[in-house]
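[1] could you look at this predicted model? Sequence included:
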Amino acid sequence: MPSAVPSFATSSPVRSKRLGVLLSGLGAISTTLIAGVEAIKKGLAQPIGSLALLGTFNAGTDEEPQHVRIRDYLDLPTTDELDRLVFGAWDVVPTDAYAAARVAGAIDSELIDSLAHELSSVRAWPGIFDPRFNRRTNISFYKRGDNFLDLAEQVQQDILTFQREHQVDRCVLLWCGSTEAYLEPAPAHATLRQFEAAMRTSDHAVIAPSMVYAYAAIKLGIPFVNTTPSRTVDIPALMELAEQHETPLAGKDLKTGQTLIKTILAPGLRDRMLGLHGWYSTNILGNADGATLDDPDAFKTKQESKLSVLKSILRPDLYPELYGRLHHQVRINYYPPRGDNKESWDAVDIFGWLGYPMSIKIDFLCRDSILAAPLLLDLALFMDRAKQAHLSGPQEWLSFYFKSPMCAEGRSPEHELSRQLTKLQQALPGLVAHRATAV
Ligand SMILES: NC(=O)c1ccc[n+]([C@@H]2O[C@H](COP(=O)([O-])OP(=O)(O)OC[C@H]3O[C@@H](n4cnc5c(N)ncnc54)[C@H](O)[C@@H]3O)[C@@H](O)[C@H]2O)c1
């Protein structure tokens, strides 16, 4: 049995102002985050797309509005203070953020080269690998141990060493690894006791690598974010652990491109009482994420996440004559020439007065990691505040960032972007009281 590791939250007597941002998976979205933060620190860019750093909200009332920057309200770092963020990462290939950013090709090589020193200093630690969940071959850069509990303890040791070396006493961990093969809910996910029994016997059928990182982080009281569609922390057992260790959780699957547009448009069609015959969505992308999603098992994980949004927004139960016979289909095709520059098309077949059909076509030429990076930054900053405010379990107020927002058992996720934003803004005053030790 692995020995107990000290609680991260209480391991340092002196509170540092620095925040460790730990990324499991040092691929396109992680390196685009790190490069962006380094570019902002050098005055080469602005934090475009970051609600936490650029957004405002009304801290007053409708009668007496008081619009303030969220950054000032929560005492988040200014763009000059982003050196308070320190990055650490795991991967299953021996790489660093410079090499990985070049492979990802999400940002220009000239910009990457100008940040070479900062990027190459983030070297991946060996990750947790299981071929059942990731079909890549020739992987040898991963941790070996007696069982999954032992592996989780090794992850914790990486974190504690990082904390000591960088004089950081607070961390947030973001799971940014490749989408894992689809995992059905299992009895081992139901309670912490059953989950730990499966960890002890290294039950590959029910425990994915991302769950091992999650278990390790939560036991140290470190907020955990699942940026991918994998089930990971969205199981009762890990929610139970999060309550025990007062740890906030958020996920799953960043809402960046096609689904973002869908959750902006669909509420408008519904509010006008326009009907929908069908919504056909297809994508081409040529990055490593696209290659992963070429595996039908990984695609199944993604598809579940992408399909869930429309029903909850359109409410066919309330409006059967408008949405009762909706066909919603989502396809993703791996097409290498496009790299990280995804193109997504939507054919939205609507109908109006007297049932006359009409059609809306959307062609979004987007950049996957460019859209994802500011969300990672916001999530790291907001989750740290959630921890300071002693919040634990699924953070529904962060549903704004996700395709399949986590919520407490028995509750339904909110998908509508404007309502998600309202939820987030309503949560901010609750974080303010605890900002004395803020980053
Ligand atoms: N880019 C977006 O807009 C977007 C949106 C939603 C979700 N996501 C999700 O974010 C994740 C990362 O996306 P990406 O574009 O950076 O992918 P990527 O393939 O470029 O990077 C993933 C990295 O994770 C590493 N990895 C795989 N298994 C690992 C493990 N068990 N432990 C540690 N590292 C591991 C891979 O070696 C790779 O370096 C994917 O799951 C993707 O579905 C991305």
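    Right, received. Where do you want to start?

[2] tell me which helix or strand residue 332 sits in.
    Using DSSP states H and E, residue 332 maps to strand 327-334.

[3] quick one: the helices in the stretch 201-350 of the chain, in order.
    Under the criterion DSSP state H, counting those that start in this stretch, the stretch 201-350 of the chain contains helices at 209-219, 236-244, 258-271, 288-293, 296-314, 320-323.

[4] which residues touch the residue lying closest to residue 246 once chain neighbours are set aside?
    Leaving aside its sequence neighbours, residue 246 sits nearest to residue 392 (Cβ to Cβ, 6 or more residues apart in numbering; 4.7 Å). The way it works is simple: take the backbone N, C-alpha and C, and place the C-beta from them, glycine included. By Cβ atoms under 8 Å, 6 or more residues apart in numbering, residue 392 lies in contact with 242, 243, 245, 246, 247, 248, 249.

[5] from residue 391, how far out is the first one?
    Put plainly, it is residue 242. According to Cβ to Cβ, to the nearest Å, residue 242 stands 10 Å off from residue 391.

[6] who's more crowded, those two?
    The neighbour count for residue 242 versus residue 391, taken as other Cβ atoms under 10 Å, is higher for residue 242 (24 against 21).

[7] please work out the average pLDDT along the host helix or strand of residue 151.
    If you go by DSSP H and E, residue 151 is part of helix 148-166. Mean pLDDT, helix 148-166: 97.

[8] after that helix, which helix or strand is next? Please name it.
    strand 170-175.

[9] in the following helix or strand past that following strand, which residues are buried?
    Helices and strands here follow DSSP H and E; after strand 170-175, the next one along the chain is helix 192-200. Residues of helix 192-200 classed as buried by neighbour count (16 or more other Cβ atoms under 10 Å): 192, 194, 195, 196, 198, 199.

[10] so which bits of the stretch 101-250 of the chain are right by the ligand?
    Counting by Cβ under 6 Å from any ligand atom, the stretch 101-250 of the chain comes close to the ligand at 104, 127, 128, 129, 134, 176, 177, 178, 179, 209, 227, 228.

[11] elements contacting the strand holding residue 332?
    Applying 3 or more Cβ pairs under 8 Å, 6 or more residues apart in numbering; DSSP states H and E, one finds that strand 327-334 makes contact with strand 275-285, helix 288-293, helix 296-314.

[12] out of those, nearest to residue 91?
    Closest to residue 91 of the helices and strands packed on strand 327-334 is helix 288-293 (Cβ to Cβ; 11.5 Å).

[13] check whether the closest one contacts the ligand.
    Yes: Helix 288-293 reaches the ligand (Cβ under 6 Å from any ligand atom) through 288, 289, 292.

[14] my read: residue 49 touches residue 376, true?
    No: Residue 49 is beyond contact range of residue 376, at 10.4 Å (criterion: Cβ atoms under 8 Å).

[15] the two - which one has more neighbours?
    Taking neighbours as other Cβ under 10 Å, residue 49 and residue 376 compare with residue 376 leading, 27 against 17.

[16] wait, that one touches residue 176, no?
    Yes: between residue 376 and residue 176 a contact is recorded at 7.3 Å, counting by Cβ under 8 Å.

[17] residue of the protein nearest the ligand, please.
    residue 27 (1.8 Å; Cβ to the nearest ligand atom).

[18] that residue against residue 176, yeah?
    Yes: assessed by Cβ under 8 Å, residue 27 is found in contact with residue 176 at 6.7 Å.

[19] which residues are in contact with the worst-scoring helix or strand of the chain on mean pLDDT?
    Lowest by mean pLDDT, DSSP states H and E among the helices and strands of the chain is helix 288-293, with a mean of 76. Under the criterion Cβ under 8 Å, 6+ apart, residues 27-28, 103-104, 134, 178-179, 284-285, 298-299, 302, 332-336, 342, 368 lie in contact with helix 288-293.

[20] list the buried ones in that helix?
    288, 289, 290, 292, 293.

[21] now the helices and strands packed on strand 327-334 in a markdown table, with distance to residue 63?
    Formatted as a markdown table, those follow (distance: least, Cβ to Cβ, whole Å):
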| stretch | distance to residue 63 |
| --- | --- |
| strand 275-285 | 38 |
| helix 288-293 | 47 |
| helix 296-314 | 31 |
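
[22] go through those and name the closest to residue 386.
    helix 296-314 (22.4 Å).

[23] any idea how far that closest one is from the chain center?
    In terms of Cα atoms, centre = their mean, to the nearest Å, the centre of helix 296-314 is set 16 Å apart from its chain centre.

[24] now the angle between strand 327-334 and it, please.
    Calculated by axes from the mean of the first three to the mean of the last three Cα atoms, to 10 degrees, helix 296-314 forms an angle of 140 degrees with strand 327-334.

[25] quick one: work out the angle between helix 296-314 and strand 275-285.
    Interaxial angle, helix 296-314 versus strand 275-285 (the same axes, to 10 degrees): 150 degrees.

[26] show me what helix 296-314 is packed up against.
    Short answer (3+ Cβ pairs under 8 Å, 6+ apart): helix 296-314 packs on helix 258-271, strand 275-285, helix 288-293, strand 327-334.
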